[in-house]
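Peer 1: kindly return the folded structure for what I paste below:
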Amino acid sequence: MSDPVQPARTVAVIDIGASAIRLRIAEINTAGHVRTLESLQQAVPLGKDTFTGGRIQPGTVEECVKILKGFRRIMAEYGVTHPDQIRAVATSAVREADNRDQFLDRIYMATEINIEPIEGAEENRLTYIAIQDALKEEPYLREGDALIVDLGGGSTELLLVQEGRVTFANSYRLGSLRIRETLETYRAPAARVRAVLDQHIRRTVEQLHRTVPIKRAASLVAVSGDAQFAASLLSPLWASKRMDVLDFKPFTALADKLAVMSVDDLVRKYRIPYQEAETLGAALLAYVQIARMFDVKNILVPKASLRDGLIEEMAAVGAWTDEFATQAAHSATTLAEKYQIDRRHAEHVAAMCVQLFRELQPEHQLDNRYELLLRIAALLHEIGGFISDRSHHKHSMYLILNSDLFGLNRKDTTLIALVARYHRRATPRPYHEEFQSLDREGRIAVVKMAAILRVADGLERSHLPQLRELSFGREKGQFVITIHGTQDLTLERIALKEKGSMFEEVYGMPVLLRATRTAAGETDRG
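Peer 2: Coordinates of the predicted model:
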């Protein structure tokens, strides 16, 4: 008898941006394929409030409540009622507001929708998830350097992709609505608005350019509704394409044309919402300046948004995909190389951490997300040696905390930094502020991962050219690690004597090392 066919799952994602609240309802089948059922958006002046006065005004709060109550009713019509079916996020306009927590609490009390204010790193990750399939199909991106730029109302998320790998990620306070609000604050004369706009954007883009580790790029991938609107005007085949390639010159000419049109004229001629018309010119000019600064000739515009990334993640049941894990680990490797670490040693330690993590799953009961965090901590655990060999574990923590790792939010980065910090010397203490700032779940996860990293680092004490073959067992209350094809474990046993106490405290088992062969060809029982 065949298994019954499982029904498709209906989900909803909500994106609360600087100028609008957007809803996407979709159906996900058992194979993970997504079919959009409904897309809606309602304008709201969140960015105007936050970027000018620093707070979301009471009237705007109630406007958001009204919109989200309406979205709630629509979601219910599609059977989306359980919290597990809904993912709602807010970007810079909410994230930066002084009364952010009061706003989020008011929304939850009125609508029972739990909104998560996400950081720039999370936006970068979701943007990459949204467009990764389209990127794989595009020949322009298989070789050379490409910039993925998501220019929103309040911030710009930038990814550098080199030969298909994300090598740099950052978030900048460059947004189309933020630019417009700055101009209105300075009350530039109408005759000089365009010149002032160009100067302001150029100055901000120059700062961005200095932070990116390349000076030229072959392509720019423009991810935003403004870029999609430009593509719809420039490309006759836009409606039938998943991603289109626009030449820089006509894109620039269109940006110049739209930037000098009044908001009312844009609304009348192109029949677009007023809030979109307000920021259209600034957004396109910012893309032009970025493309010009990096000497880009082709602008690629995908049909993708933050909401696509949210739905794709829900289709993967919230797990970090193998593709994302690969990109995040590559970002960590790039950072490690910047600080001149022994790459082979770091990769060997990381590989053993993964083996130990999987073997000890019944004991630590951490999910696969922590496996990636541990792997990255292992890749970066010695970068502090770039500053000084003395207390390099503390320097590693500092460098990790002050670095950008692709797709990882502040909490993830803090966990990684603390695991690296505790790979040697002292275990967590009450006066360690970063550790004590974590919640209980985070503190427990750190010590579980740090104990594994200590053992893996001890097993790599000899810095051998080849990764060793390991097997594991549990005998008489001991965790037995058998190293195959080796003869002398003296250095490793000394290292584990120094590092193994934390493992025993956390997992309740001392570590016993065992070799399969000694010089005489017999098993070494340690």
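Peer 1: just give the nearest non-adjacent residue to the residue nearest in space to the middle of the chain, would you?
Peer 2: Geometric centre of the chain, nearest residue: Gly407, 1.9 Å, by CA atoms, centre = their mean. Spatial nearest neighbour of Gly407, chain neighbours left out: Arg125 (3.3 Å); criterion: CB to CB, 6 or more residues apart in numbering. In short, each C-beta sits where N, CA and C put it, glycine included.
Peer 1: the one you found sits in which helix or strand?
Peer 2: Taking DSSP states H and E as the definition, Arg125 sits inside helix 120-137.
Peer 1: that helix packs against which elements?
Peer 2: Where contact means 3 or more CB pairs under 8 Å, 6 or more residues apart in numbering; DSSP states H and E, helix 120-137 is packed against strand 145-151, strand 156-162, strand 165-172, strand 243-247, strand 298-302, helix 306-315, helix 322-338.
Peer 1: point out the one among the ones you listed that comes closest to Ala110.
Peer 2: helix 306-315 (22.0 Å; CB to CB).
Peer 1: now the strands: where do they sit in this structure?
Peer 2: 9-16, 20-28, 34-43, 86-90, 115-117, 145-151, 156-162, 165-172, 219-222, 243-247, 298-302, 469-475, 478-484, 511-515 (DSSP state E).
Peer 1: how about the ones you listed in JSON lines, adding mean neighbour count, distance to Ser262 and mean pLDDT?
Peer 2: Below are the strands of the chain laid out as JSON lines (neighbours: other CB atoms under 10 Å; distance: least, CB to CB, whole Å; pLDDT from 0 to 100):
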{"stretch": "strand 9-16", "mean neighbour count": "23", "distance to Ser262": "28", "mean pLDDT": "96"}
{"stretch": "strand 20-28", "mean neighbour count": "21", "distance to Ser262": "21", "mean pLDDT": "96"}
{"stretch": "strand 34-43", "mean neighbour count": "15", "distance to Ser262": "18", "mean pLDDT": "94"}
{"stretch": "strand 86-90", "mean neighbour count": "22", "distance to Ser262": "30", "mean pLDDT": "97"}
{"stretch": "strand 115-117", "mean neighbour count": "18", "distance to Ser262": "34", "mean pLDDT": "96"}
{"stretch": "strand 145-151", "mean neighbour count": "25", "distance to Ser262": "22", "mean pLDDT": "92"}
{"stretch": "strand 156-162", "mean neighbour count": "24", "distance to Ser262": "25", "mean pLDDT": "90"}
{"stretch": "strand 165-172", "mean neighbour count": "19", "distance to Ser262": "28", "mean pLDDT": "86"}
{"stretch": "strand 219-222", "mean neighbour count": "26", "distance to Ser262": "24", "mean pLDDT": "94"}
{"stretch": "strand 243-247", "mean neighbour count": "17", "distance to Ser262": "25", "mean pLDDT": "91"}
{"stretch": "strand 298-302", "mean neighbour count": "24", "distance to Ser262": "25", "mean pLDDT": "92"}
{"stretch": "strand 469-475", "mean neighbour count": "13", "distance to Ser262": "69", "mean pLDDT": "94"}
{"stretch": "strand 478-484", "mean neighbour count": "19", "distance to Ser262": "72", "mean pLDDT": "94"}
{"stretch": "strand 511-515", "mean neighbour count": "20", "distance to Ser262": "72", "mean pLDDT": "91"}
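Peer 1: Throw these into a markdown table and include distance to Thr50, thanks.
Peer 2: Shown next, in a markdown table, are those (distance: least, CB to CB, whole Å):
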| stretch | distance to Thr50 |
| --- | --- |
| strand 9-16 | 12 |
| strand 20-28 | 14 |
| strand 34-43 | 15 |
| strand 86-90 | 11 |
| strand 115-117 | 12 |
| strand 145-151 | 17 |
| strand 156-162 | 16 |
| strand 165-172 | 16 |
| strand 219-222 | 24 |
| strand 243-247 | 32 |
| strand 298-302 | 28 |
| strand 469-475 | 52 |
| strand 478-484 | 52 |
| strand 511-515 | 52 |
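Peer 1: can you list the domains in this protein?
Peer 2: Domain ranges of the chain: 9-118, 121-314, 322-515, per automatic domain parsing.
Peer 1: which of the ones you listed comes out lowest on mean pLDDT?
Peer 2: Lowest mean pLDDT within these: domain 121-314, at a mean of 88.
Peer 1: that domain: end-to-end distance?
Peer 2: With CA to CA, to the nearest Å as the measure, the ends of domain 121-314 fall 18 Å from one another.
Peer 1: please state the offset of it from the chain centre?
Peer 2: Relative to its chain's centre, domain 121-314 lies at 19 Å (CA atoms, centre = their mean, to the nearest Å).
Peer 1: likewise stretch 98-115?
Peer 2: 24 Å.
Peer 1: and if you look at stretch 94-108?
Peer 2: 22 Å.
Peer 1: ditto for stretch 454-463
Peer 2: With CA atoms, centre = their mean, you get 30 Å for stretch 454-463.
Peer 1: hang on, the earlier thing: want to throw the helices and strands packed on helix 120-137 into TSV with distance to Gly47?
Peer 2: As requested, these are arranged in TSV below (distance: least, CB to CB, whole Å):
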stretch	distance to Gly47
strand 145-151	13
strand 156-162	14
strand 165-172	15
strand 243-247	27
strand 298-302	23
helix 306-315	15
helix 322-338	29
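Peer 1: nearest to Lys476, out of these?
Peer 2: helix 322-338 (36.0 Å).
Peer 1: and the closest one, which residues are buried?
Peer 2: Buried positions in helix 322-338, judged by neighbour count with 16 or more other CB atoms under 10 Å: Phe324, Ala325, Gln327, Ala328, Ala329, His330, Ser331, Ala332, Thr333, Thr334, Leu335, Ala336.
Peer 1: specify which member of those is nearest to Glu347.
Peer 2: For the buried residues of helix 322-338, the nearest to Glu347 is Thr333 (7.8 Å; CB to CB).
Peer 1: so that closest one makes contact with Leu379?
Peer 2: Yes. Assessed by CB atoms under 8 Å, Thr333 is found in contact with Leu379 at 5.9 Å.
Peer 1: show me the contacts for Leu408.
Peer 2: Counting by CB atoms under 8 Å, 6 or more residues apart in numbering, Leu408 touches Ala121, Arg125, Ala328, Ile376, Ile416.
Peer 1: excluding its backbone neighbours, what's nearest the last one?
Peer 2: What sits nearest to Ile416 in space, not counting adjacent residues and going by CB to CB, 6+ apart, is Ala377, at 4.6 Å.
Peer 1: what's the neighbour count on that neighbour?
Peer 2: For Ala377, the neighbour count with other CB atoms under 10 Å is 29.
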